[in-house]
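Asker: Quick check, what structure comes out for this input:
(2 chains)
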Amino acid sequence: MEKSKSRQSIHKKEGDRLFYFLNGTLLAFFTLVCLYPILCIIAQAISDPTQVGLGLVTFYPRGFSLKGFVHVLKDRWLAHGFLMSLFYTTAGTAINVALTYLTAFSLSRKELPGRGLIQLLFAFTMWFSGGIIPSYLLVKNLGLINTVWALMIPGAMSVWNMIVCRTFLQNSIPEELFDSARVDGAGYIRYMLTITIPLAKAIIAVLVLWYAIAHWNAYFDALIYINSKPLKPFSLYLRDYLVSQTSMDIAELTAGEEVRKDLQGITELMKNSLILMSCLPLWILYPFIRKYLVQGVMIGSVKG
Amino acid sequence: MNKMEYLKNRLKKTWPLYLLLLPGLIYIITFKYSPMYGAIIAFKNYKIRDGIWGSEWVGLKWFVKFFNYYECWDLIGNTLRISIYNIAVSMLVSILLALMMNCVRNKHFKNVVQTVTYMPHFVSVVVLVGVMIRFFNPSMGVLSRLIQTLGGTNRDLMGIPAMMPHIYVWSDIWQNAGWNTVLYLAALTAVDLQLHEAAIVDGASRLQRVRYVDIPAIMPTIVISLIMNMGSVLTVGAEKMLLLQNDLNRSTTEVISTYVYAQGIASASPQYSYATAIGLLNSVLSFALIVTTNQICKKLGETSLF
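Answerer: Numbers count the residues shown, from 1 in each chain, chains lettered A, B, ... in the order given. You can find the predicted model right below:
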């Protein structure tokens, strides 16, 4: 009896070992699938251009050259677009986080009269919308087209993010803090600024990451709202270069065959650098926010 | 009278909360609710000069026009095919990934897996599509050369209509499956350890613990994501589709949202009312789908969105 039980548990353990092994292998495989294209992107951007042109570069760099970046930075508009995107991302994210936090804090206070109804008013916008055309016409009628505001104000808050933030505040900040702040004579606004914000670092970090990703990578709003060249974000130039291939037209304008070939080579070279440049800012931001991610999402998504 | 007094008292104490709420309220009223009002141009012949209110009523003219459009059902079919395919596969993959990551015992390995699988999420769709075009490029793409060396024929995958749903869905998996595990992992972290200990004492294998402890623990999260996703069954994002679309693959990549964009914004003489009508139809059906799924989930289990 005793013997068979221990044998059984050994069987179980071996079964578990096999399970853990398979689990690890599959995960490692998926990780490699995610990693491979990223390595290709990096390798092609920093390799010797002739090797890239011959198709010899896959996931590790051959030779070393930053020529592509030099060409990108020499192009006045590309460099300008990159800076514009940095501006849209920082200013836009600041507006997003401020608006989201104010709303979330207010809705996290259970004594707010009419709280249920107001929350429904916010939540409803996640399930129903007037559609893209009325929103477009609204932005047009407000005179926001071809202004920097078009890329920051219409998407100033995501209701989903606001609800996650509200839930986080409800779950993680003890009510006693509010009571003692009250006793010390602090009103809501002082309480929010001096007591809740330091305790809500995790969720603020998550909000910053979520909104920054959305801003940095957005191209559709810019496509429909921005025509003026000085206001164009980097993503629109990326689209021109990588997807619609209008850059070829520039090459074709030039007369000589030699020059054209040269220009085409340069465009190809620039494409790889552009791809890496567009990925870098967020890859740099992410490690700073990593440790807050699961914590912030966990507390923010569990019903309080 | 007493009630009024009570309310007055409460307002006296809580009015700063309304002050803090005001910017958010103004925002959703202006940018979420006023477009809902603006959507009444779906029933009008909107002219910029006449404004929303001044334009003449035309009833259901635009809806009839849409259903008489010869490609109407192709559009709807393309949209449904891609979005259902996408929701099913991407939910399945990210739930599986989350369960698997949760089983990893080596902390460093888990960290590496998480960090690397999140990385593609930071790549923009423009770059994603740009990179795919380059990888699939018949003359110099990495993938095309791989197919060639394996003995396949060398064709530009982006020009084959039948491939487009797969390209759309699997590139989305590459980009977001890892990232989407965050929500499920958060729910898994909240599982009471005692449940696992009790299961171990009862002699459950790890796989059995996944089945009887982990999956029930994330069920509410799965249901909520499902309900939210059902709302987007009729919406395949125009953003990515417009980038993938070219003249060769249009027969499978023209979806409702790209058609609305083409008719209402990109066109030289935009048909605002017509495009709004299609968008409104889309919104109403999506809302109905959310409510229905929600009711079904409520009947079947305890979890529901509202």
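
Asker: Report the contact partners of residue A:113.
Answerer: B:7, B:10, B:11, B:14 (CB atoms under 8 Å, 6 or more residues apart in numbering or on different chains). Bear in mind the C-beta positions are built from the backbone N, C-alpha and C, glycine included.

Asker: most surrounded residue in those?
Answerer: Within the contacts of residue A:113, most neighbours by other CB atoms under 10 Å in any protein chain shown means residue B:14, with 16 neighbours.

Asker: Could you verify my assumption that that one touches residue A:115?
Answerer: No: judged on CB atoms under 8 Å, residue B:14 makes no contact with residue A:115 at a distance of 9.8 Å.

Asker: Overlap in contacts, those two.
Answerer: residue A:109.

Asker: ok so, going back, how about TSV for the contacts of residue A:113, with secondary structure, distance to residue B:235 and pLDDT added?
Answerer: Shown next, in TSV, are the contacts of residue A:113 (DSSP: H, G, I helix; E, B strand; the rest coil; distance: CB to CB, whole Å; pLDDT from 0 to 100):
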residue	secondary structure	distance to residue B:235	pLDDT
B:7	helix	41	81
B:10	helix	41	82
B:11	helix	40	82
B:14	helix	38	87
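
Asker: Quick check, central residue of chain B?
Answerer: When chain B is reduced to its mean C-alpha position, the nearest residue by CA atoms, centre = their mean turns out to be residue B:232, at 5.3 Å.

Asker: Could you report the neighbour count for residue 35?
Answerer: The chain I'm using is chain A. 16.

Asker: hm, I was asking about chain B
Answerer: Neighbour tally, residue B:35, other CB under 10 Å: 24.

Asker: Name the nearest residue to it, sequence neighbours excluded.
Answerer: In this structure, residue B:35 finds its nearest non-sequential neighbour in residue A:130, 3.3 Å apart by CB to CB, 6 or more residues apart in numbering or on different chains.

Asker: quick one: low-confidence parts of the stretch 101-250 of chain B?
Answerer: The model of the stretch 101-250 of chain B has pLDDT under 70 over residues B:139-142, B:154.

Asker: What segments of it are helices?
Answerer: Using DSSP state H, counting those that start in this stretch, the helices of the stretch 101-250 of chain B run over B:107-118, B:125-136, B:142-149, B:164-189, B:193-201, B:206-209, B:215-230, B:238-244, B:250-253.

Asker: Out of those, flag the one nearest residue A:69.
Answerer: In terms of CB to CB, the element of these nearest to residue A:69 is helix B:125-136, at 15.8 Å.

Asker: Summarise which helices and strands the closest one is packed against.
Answerer: helix A:2-46, helix A:234-238, helix A:257-301, helix B:142-149, helix B:164-189, helix B:238-244 (3 or more CB pairs under 8 Å, 6 or more residues apart in numbering or on different chains; DSSP states H and E).

Asker: on that earlier part again, could I get the contacts of residue A:113 as a markdown table with distance to residue B:87?
Answerer: Converted to a markdown table, those look like this (distance: CB to CB, whole Å):
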| residue | distance to residue B:87 |
| --- | --- |
| B:7 | 45 |
| B:10 | 44 |
| B:11 | 45 |
| B:14 | 41 |
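
Asker: From those residues, pick the one nearest residue B:227.
Answerer: So of these, ranked by how close each gets to residue B:227 (CB to CB), first place is residue B:14, at 32.3 Å.

Asker: Chain A versus that closest one, what's the distance?
Answerer: According to CB to the nearest CB, to the nearest Å, residue B:14 and chain A sit 6 Å apart.

Asker: so what's that residue up against?
Answerer: Neighbouring residues of residue B:14 by CB under 8 Å, 6+ apart: A:109, A:111, A:112, A:113, A:188.

Asker: The second one reaches residue B:13, doesn't it?
Answerer: Read that as residue A:111. Yes: Residue A:111 is within contact range of residue B:13, at 7.5 Å (criterion: CB under 8 Å).

Asker: and those two? which has more neighbours close in?
Answerer: Between residue A:111 and residue B:13, counted using other CB under 10 Å, the more crowded position is residue B:13 (13 against 10).

Asker: secondary structure element for the more buried one?
Answerer: Per DSSP states H and E: residue B:13 is located in helix B:2-28.
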